[in-house]
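**Student:** pasting the sequence and the predicted model now:
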Protein chains: 2
Amino acid sequence: MSLNFCFIGAGNLATHLSKAFQNKGFIISQVYSRTEQSANKLAETLSTKYTTSVSEIDWNADIYFVAIKDSAFDEVLSKINFGNKLVVHCSGSLPLSAIEKYSDNFGVLYPLQTFSKKREIDFNEIPVFIEANSVKNEKQILEITCQISDSVSVINSDKRKALHISAVFACNFVNHFYTIAAEILKSKDIPFDVLKPLILETAKKVQEIKPEKAQTGPAIRFDKNIINEHLKELNSFSDYRQLYKSISKSIFEHYKK
Amino acid sequence: MSLNFCFIGAGNLATHLSKAFQNKGFIISQVYSRTEQSANKLAETLSTKYTTSVSEIDWNADIYFVAIKDSAFDEVLSKINFGNKLVVHCSGSLPLSAIEKYSDNFGVLYPLQTFSKKREIDFNEIPVFIEANSVKNEKQILEITCQISDSVSVINSDKRKALHISAVFACNFVNHFYTIAAEILKSKDIPFDVLKPLILETAKKVQEIKPEKAQTGPAIRFDKNIINEHLKELNSFSDYRQLYKSISKSIFEHYKK
């Protein structure tokens, strides 16, 4: 018999994860979100029911997945009675123990990827990191996760936090730099499109070469002329000017060693 | 009859550009580099001759391509007599005028890409930006460049500098953050491999979605708990801690607007 999952949260991660499970035959019996629109939209995608009221959360699900932002975690979970059902959170930063007061059976399922609702993604290729409070729960989470991803590892909370921080650098901060680049180009009426091949090649390069060996540009050569020219040019973007300075310094320090 | 090119410089850019021209039937008659090893290596790749002495630079080439680091520019070029041959520099940052004292015919050919000797790259897909001191020279540079790239634009020195700065953010700084991420993972014995799908997806996302709309992570949500947790965790990486702080702030400021 198929397992029944209830999703607490209906954001980007909840959307992709619940769809991946449903595609493998698991039943998503219900979606809860505090936001009517999100709950409704995900429930529609999954052809399932939804609620915005914690008191209406289904008692009969086999596993509860919690995919809400960390700052709303306790506020939402403290209102839900999970009995002793398996409760699994999906946060990179919260430790396993963050969930221990809500059930005797609990675990973590953390997919290392950036999710946007509009973009389809092959869940199979996403590295997923799991953890649980008992061998039995770990086995169950491992079994279901292996059905949606080809790369599943058991990892502790401390390592997961390091994973999350590294993802912030390699994804969130990187994307912000794409945004800054777009803004600089826009100020000169140049379309962002011209950067796309460079962005893709930069990411492809480190699939094969260690990033340390792939570094190019004026900072690694410590080309003072270029750096100073660039800083002068960035006078109209004072925040970015400061970032340019500190990152160039960081690159230089790194390669000086 | 095929045109004869002489390459001043034998680094990453010179290597990829000269190979792209040779593949299209242009003759690379000579390579000059101050470094014997680089000159020899590129000349071998191209099956052509090389020199490390400016006095031995071929007088008979039709076009001279200058692909050396900006800081060595004047030191090398001031020793070469180009007659009135067409001299083309490949720098993102140097203006067209940087070359005017060396010939009456001059221009710029700037490919917007990151080059490593070890990685093959399809030159056709690289956006190339050109500029010249006369309509005639512009036409000639345009004609030869269109044979190696599907995306060639004429752009002035001011705009090219903005392109270069944006490339520093979108490539050099991005790659440095891959390096930082690798270092953080290494401190917990986690292989860099786990980040590869995330890095690739982050770059692929902005091929379709504007980077501004693609932003995810704790900084855009201004999730203070996570940010503070991460800062605490980064205590052993004080430089990266500072970068984490200023970039999170920059993201928050950007989306507050």
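**Tutor:** Looks like it arrived, so ask away.

**Student:** which residues outside the helix or strand of chain A with the lowest mean pLDDT are in contact with it?
**Tutor:** In chain A, no helix or strand scores lower on mean pLDDT, DSSP states H and E than helix A:218-221, which sits at a mean of 82. Residues outside helix A:218-221 that contact it (C-beta atoms under 8 Å, 6 or more residues apart in numbering or on different chains) are A:226-227, A:230, A:247-248, A:251-252, A:255, B:69, B:71, B:93, B:168, B:172, B:176. Where C-beta positions appear, they are placed from N, C-alpha and C, glycine not excepted.

**Student:** next secondary structure after it?
**Tutor:** helix A:224-233 (DSSP states H and E).

**Student:** work out the gap between the helix or strand just after that following helix and the centre of the chain.
**Tutor:** The C-terminal neighbour of helix A:224-233 among helices and strands, as given by DSSP H and E, is helix A:238-256. Here helix A:238-256 shows a centroid-to-chain-centroid distance of 26 Å under the convention C-alpha atoms, centre = their mean, to the nearest Å.

**Student:** show me where chain A has strands.
**Tutor:** Remark: strands assigned in chain A by DSSP state E are A:4-8, A:27-32, A:49-51, A:63-66, A:86-89, A:105-111, A:127-132, A:151-154.

**Student:** including mean neighbour count and distance to B:Asn105, could those strands go into a markdown table?
**Tutor:** Listed next are the strands of chain A as a markdown table, based on neighbours: other C-beta atoms under 10 Å in any protein chain shown; distance: least, C-beta to C-beta, whole Å:
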| stretch | mean neighbour count | distance to B:Asn105 |
| --- | --- | --- |
| strand A:4-8 | 25 | 67 |
| strand A:27-32 | 23 | 68 |
| strand A:49-51 | 17 | 70 |
| strand A:63-66 | 25 | 67 |
| strand A:86-89 | 26 | 67 |
| strand A:105-111 | 25 | 57 |
| strand A:127-132 | 22 | 55 |
| strand A:151-154 | 18 | 56 |
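
**Student:** I figured A:His230 hits B:His164, correct?
**Tutor:** Yes. Counting by C-beta atoms under 8 Å, A:His230 does reach B:His164; the two are 7.5 Å apart.

**Student:** any common contacting residues for the two?
**Tutor:** The contact sets of A:His230 and B:His164 overlap at B:Ser93 (C-beta under 8 Å, 6+ apart).

**Student:** which stretches of chain A have low pLDDT?
**Tutor:** Along chain A, the model assigns pLDDT under 70 to residues A:1.

**Student:** one step back: let me know the closest of the contacts of helix A:218-221 to A:Phe129.
**Tutor:** Nearest to A:Phe129 out of the contacts of helix A:218-221 is B:His176 (C-beta to C-beta; 25.0 Å).

**Student:** grab the nearest non-local neighbour of that closest one.
**Tutor:** The shortest distance from B:His176 to any non-neighbouring residue, by C-beta to C-beta, 6 or more residues apart in numbering or on different chains, is to A:Ile251 (5.0 Å).

**Student:** I'd say that neighbour and B:Val174 touch.
**Tutor:** No. In this structure, A:Ile251 is not within contact of B:Val174 by C-beta under 8 Å, at 11.4 Å.

**Student:** and these two? which has more neighbours close in?
**Tutor:** When A:Ile251 and B:Val174 are compared for neighbours, B:Val174 comes out ahead with 31 against 23, by other C-beta atoms under 10 Å in any protein chain shown.

**Student:** distance of the nearest residue to that one once chain neighbours are set aside relative to B:Ile190?
**Tutor:** Spatial nearest neighbour of B:Val174, chain neighbours left out: A:Val174 (4.8 Å); criterion: C-beta to C-beta, 6+ apart. According to C-beta to C-beta, to the nearest Å, A:Val174 and B:Ile190 sit 18 Å apart.

**Student:** need the buried ones from the contacts of helix A:218-221 selected in ChimeraX.
**Tutor:** Typed into ChimeraX, the next command selects the buried ones out of the contacts of helix A:218-221 (criterion: 16 or more other C-beta atoms under 10 Å in any protein chain shown):
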select /A:226,227,230,247,248,251 /B:69,93,168,172,176
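
**Student:** now, which of the contacts of helix A:218-221 sits nearest B:His16?
**Tutor:** Of all those, B:Lys69 has the smallest distance to B:His16: 15.7 Å, by C-beta to C-beta.
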